[in-house]
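Asker: Got a predicted structure plus its sequence, pasted below:
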Amino acid sequence: MSTVAGEMDHTDHHHHAPSGITRWLFTTNHKDIGSMYLWFSFIMFLVGGSMAMVIRAELFQPGLQLVDPHFFNQMTTVHGLIMVFGAVMPAFTGLANWMVPLMIGAPDMALPRMNNWSFWILPFAFAILLASLFMEGGGPAFGWTFYAPLSTTYSSDSTALFVFSVHIMGISSIMGAINVIVTIMNMRAPGMTYMKMPLFVWTWFITAFLLIAVMPVLAGAVTMVLTDKYFGTSFFDAAGGGDPVLFQHIFWFFGHPEVYIMILPSFGIISAIIPAFSRKRLFGYSSMVYATAAIAGLSFIVWAHHMFTTGMPVAAEIFFMYATMLISVPTGVKVFNWVATMWRGSITFETPMLFALAFVILFTIGGFSGLMLAITPVDFQYHDTYFVVAHFHYVLVSGAIFSIMAAAYYWLPKWTGHMYDETLAKWHFWCSLISVNLLFFPMHFAGLAGMPRRIPDYSLQFADINQIVSIGGFAFGLSQLIFLWVVIKCARGGEKAPAKPWEGAEGLEWTVPSPAPYHTFETPPEVK
């Protein structure tokens, strides 16, 4: 009887569920919160992208034509901050909110009220950051890495707003990470051991520990910047006994694990999509888990590879060079496993699979250029040039962002109950793929030829290459409007999604020319 009363109570409560804006403001539902994170990150992606358009328009030809150099520096700074903290990280958090409870059989996230709060403080953080651009003296203009003394001695008063907004983003990240860890540790379905969790859950579990470890370090760095600027301390001021290089050590001790925070969830997404469209189990599940953990662990001992030109002892340079090169081993294991998963699979090329394949190839290019940057003697040539810009955009745009798009297409039928328009989605993919390479590949050559980063003007020899890059940039930006349209169209209706949307036509496996795999190579094949 008590259960019946409980059920009646539940239905009655459901009947009076809040609607309109109150539903979104007060929701504790992981799917609602996941959706809000995803929409917020997409809006930030467009805002940060429009700043990149300003940068590329100024660099379309040599000379200063569109914007003041100081404003150009504000654009490079805020573009970076928004893309890292406003687009990539909230998108992954949105995917975690939506999918982790479903993947582990939990009814919701463990701490739903905190979940609501960790989302709702984000719009305020970014409102503060964007508002700083309208202050007297302009917004932050010291690069997203805000090196001292640029961020302390030589910055405008908007620095205070910048510091406050970064603190709020950090609080949001830490709460989100705590929520993920508690959910995964305490709310798995009976029988789901750690080594049976989907890889997306594993990658987020490890990412959450990284977040909790490094966000307080960022908070410390911005607090020291604040006190150096406004309270007379001299953490980073040599005249007062401080050291500007100390800033770089503290920042990169946060910053290097941070870049893995922005790629590990991608590995989980790709490890879900490639097996689905290859119609095979993921090759080497346990090695994928250990590789993820190894990457996360190693990410803490490589920070100073961003600082080879600061005059480190040779022993330190050698240590950081080899430690950095070591990360390519577990990363290579992952790439190998994805390729082995596809080997002899019955592959079909729906849009999520196209983005996943582009991810594997382009992320690997970004990985190889990272390996080049790890080599100390040649890093002196690459450092602070467009080669570095090309490297991290291959990892973060055709890596992190492509994986987020793959995830969106893969799970849209689950989220909306409708199939998206496959033709439009393929247009989005091909336009993005061609333009992203037109945008970032030539940057390698500009950088090797000596074009420095973060400058509004350049020598005439780089004119042709920058024109090509800018055209690629505008094409990539416009391509994302196709994505927006696909998502809106899908959410508003369309063909109803089947229960298992990716099984496709009946018996699809047998209509594909290649035969079904006779073993997964998980165990040695039988000797005949």
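Answerer: Arrived safely. Bear in mind that the values here come from a model prediction, so they are computed numbers and not experimental data.
Asker: which residues of the chain score low on pLDDT?
Answerer: 1-15, 504-528 (pLDDT under 70).
Asker: Using the record's assignment, carve it into domains.
Answerer: 31-238, 263-520 (automatic domain parsing).
Asker: Redo those as JSON lines? Include mean neighbour count and distance to His249.
Answerer: For glycine as for every other residue, the C-beta is placed from the backbone atoms N, C-alpha and C. As requested, these are arranged in JSON lines below (neighbours: other C-beta atoms under 10 Å; distance: least, C-beta to C-beta, whole Å):
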{"stretch": "domain 31-238", "mean neighbour count": "20", "distance to His249": "10"}
{"stretch": "domain 263-520", "mean neighbour count": "18", "distance to His249": "7"}
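Asker: among those, which is nearest His16?
Answerer: Among the domains of the chain, the nearest to His16 by C-beta to C-beta is domain 31-238 (16.7 Å).
Asker: Please measure how far the first residue of that closest one sits from its last one.
Answerer: This stretch, domain 31-238, spans 50 Å end to end (C-alpha to C-alpha, to the nearest Å).
Asker: just how off-centre is it within its chain?
Answerer: Domain 31-238 sits 10 Å away from the centroid of its parent chain (C-alpha atoms, centre = their mean, to the nearest Å).
Asker: what about Gly284, distance to Leu199?
Answerer: For Gly284, the distance to Leu199 equals 11 Å [C-beta to C-beta, to the nearest Å].
Asker: just Pro123 next, same as before
Answerer: Applying C-beta to C-beta to Pro123 and Leu199 gives a distance of 31 Å.
Asker: do you know which of the domains of the chain lies nearest Phe251?
Answerer: Here domain 31-238 is closest among those (C-beta to C-beta), at 5.2 Å.
Asker: now the domains of the chain as a markdown table including distance to Thr22?
Answerer: Below are the domains of the chain laid out as a markdown table (distance: least, C-beta to C-beta, whole Å):
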| stretch | distance to Thr22 |
| --- | --- |
| domain 31-238 | 12 |
| domain 263-520 | 21 |
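Asker: Just the CA atoms of stretch 185-196, as PDB, please.
Answerer: C-alpha atoms of stretch 185-196 as PDB (Å, rounded to 0.1, in the frame of the first residue of the first chain):
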ATOM      1  CA  MET A 185      31.700   5.900  -7.000                       C
ATOM      2  CA  ASN A 186      28.400   5.600  -5.200                       C
ATOM      3  CA  MET A 187      25.600   5.200  -7.800                       C
ATOM      4  CA  ARG A 188      26.700   2.500 -10.300                       C
ATOM      5  CA  ALA A 189      24.100  -0.200 -10.900                       C
ATOM      6  CA  PRO A 190      24.600  -3.500  -9.000                       C
ATOM      7  CA  GLY A 191      27.200  -5.600 -10.800                       C
ATOM      8  CA  MET A 192      28.800  -2.700 -12.600                       C
ATOM      9  CA  THR A 193      32.400  -3.000 -11.500                       C
ATOM     10  CA  TYR A 194      34.900  -0.200 -12.400                       C
ATOM     11  CA  MET A 195      36.300  -2.300 -15.200                       C
ATOM     12  CA  LYS A 196      32.800  -2.700 -16.700                       C
END
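Asker: And the contacts of it?
Answerer: Residues from elsewhere that reach stretch 185-196 (C-beta atoms under 8 Å, 6 or more residues apart in numbering): 101, 104-107, 110, 197, 202, 285-286, 289.
Asker: now do stretch 233-248
Answerer: Contacts of stretch 233-248 (C-beta under 8 Å, 6+ apart): 147-149, 152-153, 221, 224-225, 227-228, 306-307, 310-311.
Asker: Output the residues you listed in TSV; the columns should cover distance to Phe300 and secondary structure.
Answerer: Below are these laid out as TSV (distance: C-beta to C-beta, whole Å; DSSP: H, G, I helix; E, B strand; the rest coil):
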residue	distance to Phe300	secondary structure
Tyr147	21	coil
Ala148	22	coil
Pro149	27	coil
Thr152	26	coil
Thr153	30	coil
Ala221	16	helix
Met224	20	helix
Val225	22	helix
Thr227	26	helix
Asp228	26	helix
His306	14	helix
Met307	15	coil
Thr310	19	helix
Gly311	23	coil
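Asker: Return the closest of these with respect to Leu412.
Answerer: So of the contacts of stretch 233-248, ranked by how close each gets to Leu412 (C-beta to C-beta), first place is His306, at 37.0 Å.
Asker: do you know how far the nearest residue to the closest one once chain neighbours are set aside is from Leu46?
Answerer: Excluding its sequence neighbours, the residue lying closest to His306 (C-beta to C-beta, 6 or more residues apart in numbering) is Trp252, at 4.7 Å. Separation of Trp252 from Leu46 (C-beta to C-beta): 29 Å.
Asker: With Ile82 instead?
Answerer: Counting by C-beta to C-beta - Ile82 and Leu46 are separated by 10 Å.
Asker: Phe251 now?
Answerer: Taking C-beta to C-beta, one finds Phe251 at 28 Å from Leu46.
Asker: repeat for Val360
Answerer: 26 Å.
Asker: cool, and Ala449?
Answerer: 32 Å.
Asker: Tyr147 now?
Answerer: 28 Å.
Asker: and what of Ser432?
Answerer: 14 Å.
Asker: where's Gln61 relative to Ala106, distance?
Answerer: Relative to Ala106, Gln61 is positioned 55 Å away (C-beta to C-beta).
Asker: ugh, wrong one, Ile263
Answerer: Taken as C-beta to C-beta, the span from Ile263 to Ala106 is 25 Å.
Asker: any idea which of the contacts of stretch 185-196 is closest to Phe474?
Answerer: Closest to Phe474, out of all of the contacts of stretch 185-196 and judged by C-beta to C-beta, is Trp202, at 38.2 Å.
Asker: residues touching the closest one, list them.
Answerer: Contacts of Trp202 (C-beta under 8 Å, 6+ apart): 194, 268, 288-289, 292.
Asker: Then Ser271?
Answerer: 199-200, 203, 282, 288, 334, 337-338.
Asker: and of those, the nearest to Phe26?
Answerer: Phe200 (28.1 Å).
Asker: Any figure for the gap between the closest residue to the closest one other than its chain neighbours and Met99?
Answerer: In this structure, Phe200 finds its nearest non-sequential neighbour in Gly268, 3.5 Å apart by C-beta to C-beta, 6+ apart. For Gly268, the distance to Met99 equals 9 Å [C-beta to C-beta].
Asker: what touches both of these two?
Answerer: In contact with both Gly268 and Met99: Phe200, using C-beta under 8 Å, 6+ apart.
Asker: before we move on, what SS does Met109 have?
Answerer: coil (DSSP: H, G, I helix; E, B strand; the rest coil).
Asker: Can you verify my assumption that it contacts Pro101?
Answerer: Yes - here Met109 reaches Pro101: they are 6.1 Å apart, a contact under C-beta atoms under 8 Å.
Asker: circling back to that earlier point, which one of the domains of the chain lies nearest to Leu25?
Answerer: domain 31-238 (7.3 Å).
Asker: if we can go back for a sec, which members of the contacts of Trp202 define the maximum pairwise distance?
Answerer: Across the contacts of Trp202 (C-beta to C-beta), the longest gap, 14.3 Å, separates Tyr194 and Gly268.
Asker: Which strand or helix spans His393?
Answerer: helix 386-395 (DSSP states H and E).
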